[in-house]
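J.: Generate a structure from the sequence data that follows.
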Amino acid sequence: MGKLTEEEIERLSKRQYGRNLLTQEEIDDLRQEMERDGKWVRIEIQRLAAASYREQRPDCQGGIVLIWRGKGFGWRSQLGDARYERPGTHAVDSQGGVFKVEVRDDGEGVYEWVPVGKPVGL
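T.: As a prediction, this is how the structure comes out:
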């Protein structure tokens, strides 16, 4: 079966002729696959943006490239303090590892770099 959209999954999950077209397990599996694929695409966009940034700036090899909304905007030798970056900012290291700034939801507003993509080849 090819990739299905969320609407197609909903349609297939509805009862027809007295039975479900897909079992709940099949529906859950399809939704998990869609989420995995979507996450992979988002990570690849960050890596491509970092590669483009490095290509345009030969002095920015190694270290990390900062990405906002799919575009490189800065370079650092290492991940710095996350509180100085906007939540949703991504960082891509030279091995392809991807990190994202998130705010911990504990009422204190603690910003942290969260790994979202393993280095390429691992």
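J.: Need the three-state assignment for V103.
T.: Using DSSP: H, G, I helix; E, B strand; the rest coil, the structure places V103 in strand.
J.: Surely it is in contact with G109?
T.: Yes: V103 lies in contact with G109 (CB atoms under 8 Å); the separation is 5.8 Å. Placement of C-beta: from N, CA and C, glycine included.
J.: So those two - more neighbours on which side?
T.: V103 (14 against 10; other CB atoms under 10 Å).
J.: how much space is there between the more buried one and E85?
T.: Distance of V103 to E85, given as CB to CB, to the nearest Å: 11 Å.
J.: Give me the common contacts of these two.
T.: Here V103 and E85 have Y111 as joint contacts, going by CB atoms under 8 Å, 6 or more residues apart in numbering.
J.: V114: what's its closest spatial neighbour, skipping adjacent residues?
T.: E102 (4.9 Å; CB to CB, 6 or more residues apart in numbering).
J.: Now G80: phi and psi?
T.: Per-residue torsions, G80: phi -100, psi -160 (degrees, to the nearest 10).
J.: burial of it, as a residue count?
T.: By other CB under 10 Å, 13 other residues sit near G80.
J.: so what's it up against?
T.: Taking CB under 8 Å, 6+ apart, one finds nothing in contact with G80.
J.: from what I can see Y53 touches C60, true?
T.: Yes: counting by CB under 8 Å, Y53 touches C60, with 6.7 Å between them.
J.: which neighbours do the two share?
T.: W75.
J.: Does the residue nearest to V114 touch Y111 like I think?
T.: Yes: between E102 and Y111 there is a contact under CB under 8 Å: 7.5 Å.
J.: what do these two both touch?
T.: Shared contacts of E102 and Y111 (CB under 8 Å, 6+ apart): P87.
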